[in-house]
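Participant: I would like to see how this sequence folds:
(one chain, ligands or ions: 1)
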Amino acid sequence: MTIILSLHEPSSQAKALDILGNVHGPLVGALFWVSTFYGFVKLHRPIEISRKKRAIATTLVTVLPITYVAEVLYYFVSWASGGSQASKGAINNCLWSILFMTTVNVKIFRAEKARWFSCLGAFVLEFALNTTILCLKAITSRELGRYVAASLIIQFLRTTVSLALVIQWLTVLPRRAVKLGTDEEGQSLLSDHANGSPTLKKHTPYGTVGGGPSDTGKHDDRDMEIKKLQAERIEKEGGWVGYLKTFAVFLPHLWPTNDRELMIWLCVRGANILLSSILQVLTPRQLGIITDKLSSGITTMPWLDIALWLLYSFLPTYAGFGALGALASIKVRTRTSSRIQLLAFAHVMDLSMDFHANKATGEVIKAVEQATSLNRLVETVLFEILPMIINICISVWYVTHLFDLYFAYIIICMSALYVTIEFISTAWSREHLRLYRAKCRAESQISNESLHNWHTVFYFNRGKYETTRFNEALKSRIMASFDYQIRRMSCYALSDGFLYLAQSGCYILAIHQIVKGWKPVGNLVTFIMYWYTIISPVRSLAFNYRTLTENLIDAERLVQLLSTKPSVADAPGAKPLVTTEGKVVFDNVGFSYDERKPITRDVSLIAEGGQTIALVGETGGGKSTLLKLLARAYDAVGGSISIDGQDIRSVTRSSLRDAMGLVPQSPELFNIPIRENVRYGRLDATDEEVEDACRAAAIHDTIVEFPDGYDSLVGERGVKLSGGQLQRVAIARVLLRDPSIVLLDEATSAVDSATEELIQKAFRKLCAGKTTFVIAHRLSTIVEADQILLVSKGEIVERGSHDELLAMGGKYAEFWNKQSGGQGVGECATCSSTLRCTDCAASGKTSATASTCVDASEEGAAVDEGVAQGAGTQAEDTGKAAGSSAATQGDNIKNR
Ligand SMILES: Nc1ncnc2c1ncn2[C@@H]1O[C@H](COP(=O)(O)OP(=O)(O)OP(=O)(O)O)[C@@H](O)[C@H]1O
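Facilitator: I've put the predicted structure just below:
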């Protein structure tokens, strides 16, 4: 309602007063909020304000809007008592100042720190404008009537208060700046509480239902870590603008300009958004035009207007261009997000073993899965927040055009209130949301644990116990959800209440203007239809804020992942490895996983092409590490490794890995048919070749006995196979690959002696003419190796052939002696030789050696010096048949 009180005839001073009144509030508000935002994006360090000074500031800032309210009341009383009219400028001055001063007050009241320039600037401007208005008012008052005197007194009070604020704020200035790390705005858009604070963590024993406020878990720790990294990057980039710019490097991946089709869909999507925004105005406007025509008493059908209205209403539907818009949205989203997901996946695949050894797999999977967050981030900004801001501006302009500026004022007040309530309520319910999430995690953790450890549950008969535990977690989660929802609902009720008040206020004002004949009735119809277009961007602003912050965290996770460089990379200009003989040379190789603990020291060895090198020694001595270094899973920190004269660091990683085939200690299979698992060794192998490889690995007969034969699924990581079967499938896989260099890392540790004999035959085929590295605990399996290297604490302490080492009478001889049952160093019961039991094996006198030289179960224990039972004890599939170890011994790895 416009209250008009005429004070004087318009003069130039009065005009100036009017203009000042119109711009005063918006100018002060804009200065404060724009400079606050500037400080936020540029990471300007806020200063701490003591509780006392804050109290004084908020009291003074509260007085300001009160003076404006008093002025409005004064105008109203003056108008109601038939007095003169106030200018629009004076009314606007009060209304906009009430709005902006209230927001400034809320900001100062809520924050313990503030950016001095935004507060001081706003107060100085407020003081300057108030002083000018006071002077002008004094000049324009011809005679000091009762009301004019009251207006001047109020203005004087306001000017004094704004001066007091300027002075008070100057006293705040000398306070030292606080560190960025403690500035909640400078750190991240998400507060610590949103992600859990590590200080709240406590141990939750097994069997209890965790998920309390303190049960934030690894998940929250990781989020905290990501937020910390994000804060560091924001600071490094000099603020949010620089930080957000870093995401621009992904734009070519997200929206490659050379992808014509995608660009077309992008244009379609943009056009769709634009058209929707235009139609949101045109449709209610058209209905308003029809209403006006109807209320003017026309007798003919307004066909053209009706047709236009129907067309505007039809266009955004799915039958119109809505479907095309939705299709464009799907096309753009799927194409761009799959691109970035692929980028992340390929990157993870390319990362080195140290990354995969140190990172939790779940965390990596999450980062790859959430690669789309980067896409969502750009989409949210471009296709949601930006159009939303434009829509709010259009709404403000349009309602002013329909009625007057007071409608815009109501809408802006309502939006500010709505968003403030949303933020305050989010903070209020944040702790409960965190608790609810923790309970959800606790529930899924219990169900996961129970299902994963089902065998333990079964054998200990704890089914009921686990069900009770799960039930408690369920109840606890439901309670937490209820608590959280109650809080959210109260907030919705409050914000909806304000929306309703604003809506009612607007309708009453609109009806009043129609009754007065100032506006046509069609404007009211247009406004009613348009109302939902006005409030929907306000509603989604708060929602988008949350989405944006979550996407930012996820995008940061992805950026961190993508910025991780593989520690083992191809050297510039690296060439493919050319293998001729397969000669491998380790030259003074040194390595450590952690620089504080060296693993291998000065390891030198020469494996001539086609030779078999056996690595034996105590567990943890560094044997597997040597194989990893050869495969360049890690780079040696000292010395070099070469293959056929080429330093492995100078060749491409791909060609190096192509040249090798590894049978690991614990093979891992994919949960796909056995046939495909074997074919993984050589993707273009035929079914016959796969089966031949399986025959050679002595697993074919076992596979065909499975109900689904070669099509049997092997379970996650091959759990449906026994240890021995798993190893034989892994061996078949390498046999099929037919590499130049073969690496066997205790490849027969999990098979029984009879099977081992078969596998050894397969190995002879596999290793024929190939350089082979064998790690073995059963010494019987490597006696024929060209070189046996005894590795201890990362060093080669003994080297030579089996005979030479026995003759040396060192540690190897000691191991051999232990494995042979303590009957003398290599002494064979058959031939009484001190060295060559294999001679007996070769001449068929194997039974004698069985009792003397080899007992597989003892061998492993002997090698591990009785500490870590050797692999021979680990997995005898079917039990050891007497004498079979003799056969094993006879079938040594390399019998040339
Ligand atoms: N990824 C890793 N990070 C840190 N340390 C590791 C890593 N892998 C192995 N180690 C350590 O390096 C040492 C040597 O391990 P390695 O696997 O090479 O021994 P090994 O001689 O093959 O033992 P085993 O005979 O039991 O297989 C061990 O102390 C082990 O704890």
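
Participant: pull out the buried residues from the helix or strand hosting R335.
Facilitator: Of the helices and strands defined by DSSP states H and E, R335 is found in helix 323-350. Across helix 323-350, burial judged by 16 or more other Cβ atoms under 10 Å covers 325, 328-329, 331-333, 335-337, 339-341, 343-344, 347-348. Any C-beta I mention is one placed from the backbone N, CA and C, and that applies to glycine too.

Participant: for those, which one is nearest the ligand?
Facilitator: Nearest to the ligand among the buried residues of helix 323-350: V348, at 17.3 Å, using Cβ to the nearest ligand atom.

Participant: in contact with that closest one: list those residues for me.
Facilitator: Residues near V348 by Cβ atoms under 8 Å, 6 or more residues apart in numbering: 364, 367-368, 561.

Participant: repeat that for V281.
Facilitator: 394, 398, 530, 533.

Participant: what's the most distant pair in the residues you listed?
Facilitator: Spatial extent of the contacts of V281 (Cβ to Cβ) is set by the pair I394 and Y530 at 10.0 Å.

Participant: write out the residues of the stretch 601-750 of the chain neighbouring the ligand.
Facilitator: 619-625 (Cβ under 6 Å from any ligand atom).

Participant: of those, keep whichever come out buried.
Facilitator: Here, 16+ other Cβ under 10 Å leaves 619, 621-625 buried among these.

Participant: related to what we said a few turns ago, what residues are shared contacts of I394 and Y530?
Facilitator: In contact with both I394 and Y530: 280-281, using Cβ under 8 Å, 6+ apart.

Participant: what's the strand or helix carrying I703 in contact with?
Facilitator: For I703, the host element (DSSP H and E) is helix 700-705. For helix 700-705, the surrounding residues in contact (Cβ under 8 Å, 6+ apart) are 674, 691, 694, 709-710, 712, 725, 728.

Participant: how does it look with 7 Å?
Facilitator: With contact meaning Cβ atoms under 7 Å, 6 or more residues apart in numbering, helix 700-705 is reached by 674, 691, 694, 709-710, 725.

Participant: and the contacts of stretch 150-160?
Facilitator: Contacts with stretch 150-160, where a contact means Cβ under 7 Å, 6+ apart, come from 64, 67, 70-71, 74, 127, 130-131, 133-134, 137-138, 141.

Participant: ok, stretch 553-571 next?
Facilitator: 190, 223, 226-227, 229-230, 247, 344, 347, 350-352, 354-355, 367, 370-371, 373-374, 377, 632, 634-635, 649-650, 652-653.

Participant: enumerate the residues of the stretch 251-400 of the chain near the ligand.
Facilitator: A357.

Participant: from V663, how far out is the closest residue to the ligand within the stretch 251-400 of the chain?
Facilitator: Of all residues in the stretch 251-400 of the chain, the one sitting closest to the ligand is A357 (4.1 Å; Cβ to the nearest ligand atom). From A357 over to V663 the distance is 20 Å, taken as Cβ to Cβ, to the nearest Å.

Participant: who has more neighbours out of the two?
Facilitator: Taking neighbours as other Cβ atoms under 10 Å, A357 and V663 compare with V663 leading, 25 against 10.

Participant: wait, the more buried one touches R733, no?
Facilitator: No. Applying Cβ atoms under 7 Å, one finds V663 not in contact with R733, separated by 8.1 Å.

Participant: so where's the stretch 251-400 of the chain uncertain?
Facilitator: 360, 362-363 (pLDDT under 70).

Participant: for the longest helix seen in the chain, packing partners?
Facilitator: Ranked by residue count under DSSP state H, the longest helix found in the chain is helix 463-515. Counting contacts by 3 or more Cβ pairs under 7 Å, 6 or more residues apart in numbering; DSSP states H and E, helix 463-515 packs against helix 405-452, helix 521-563.

Participant: now do it and helix 521-563, the angle between them.
Facilitator: Relative orientation of helix 463-515 versus helix 521-563 (axes from the mean of the first three to the mean of the last three Cα atoms, to 10 degrees): 140 degrees.

Participant: report the distance from helix 463-515 to the chain centre.
Facilitator: Computed by Cα atoms, centre = their mean, to the nearest Å, the chain-centroid distance of helix 463-515 equals 28 Å.

Participant: can you report phi and psi for Q646?
Facilitator: In terms of degrees, to the nearest 10, the main-chain angles of Q646 are phi -110, psi 120.

Participant: if we can go back for a sec, buried ones from the contacts of stretch 150-160, can you make that a ChimeraX selection?
Facilitator: Buried residues within those, by 16+ other Cβ under 10 Å, are selected in ChimeraX with:
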select :64,67,70,71,74,127,130,131,133,134,137
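
Participant: which of the contacts of stretch 150-160 are close to the ligand?
Facilitator: When Cβ under 6 Å from any ligand atom is applied, no member of these is adjacent to the ligand.

Participant: looking at the contacts of stretch 150-160, spot the one nearest the ligand.
Facilitator: For the contacts of stretch 150-160, the nearest to the ligand is L64 (64.0 Å; Cβ to the nearest ligand atom).

Participant: does that closest one touch M101 like I think?
Facilitator: Yes. Under the criterion of Cβ under 7 Å, L64 makes contact with M101 at 4.7 Å.

Participant: lowest pLDDT pick from the contacts of stretch 150-160?
Facilitator: Lowest pLDDT of those: S141, 67.

Participant: strands - which of the residues of the stretch 601-750 of the chain next to the ligand land there?
Facilitator: Using DSSP state E, no member of those falls in strands.

Participant: start to end distance for stretch 638-647?
Facilitator: The first and final residues of stretch 638-647 sit 13 Å from each other (Cα to Cα, to the nearest Å).

Participant: which other residues reach that stretch?
Facilitator: 577-590, 629-630, 648.

Participant: for ChimeraX, write the select line for the buried members of those residues.
Facilitator: Applied in ChimeraX, the following selects the buried portion of these according to 16+ other Cβ under 10 Å:
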select :577,579,582,583,584,585,586,587,589,590,629,630,648
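
Participant: which ones among the contacts of stretch 638-647 lie within strands?
Facilitator: Using DSSP E, those in strands are 584-590.

Participant: now the residues you listed as a markdown table including pLDDT and distance to the ligand?
Facilitator: As requested, the ones in strands among the contacts of stretch 638-647 are arranged in a markdown table below (pLDDT from 0 to 100; distance: Cβ to the nearest ligand atom, whole Å):
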| residue | pLDDT | distance to the ligand |
| --- | --- | --- |
| V584 | 92 | 17 |
| V585 | 93 | 20 |
| F586 | 92 | 14 |
| D587 | 92 | 19 |
| N588 | 90 | 18 |
| V589 | 90 | 13 |
| G590 | 90 | 13 |
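
Participant: and the two most separated of the residues you listed?
Facilitator: By the measure Cβ to Cβ, V584 and G590 form the most distant pair in the ones in strands among the contacts of stretch 638-647, at 17.1 Å.
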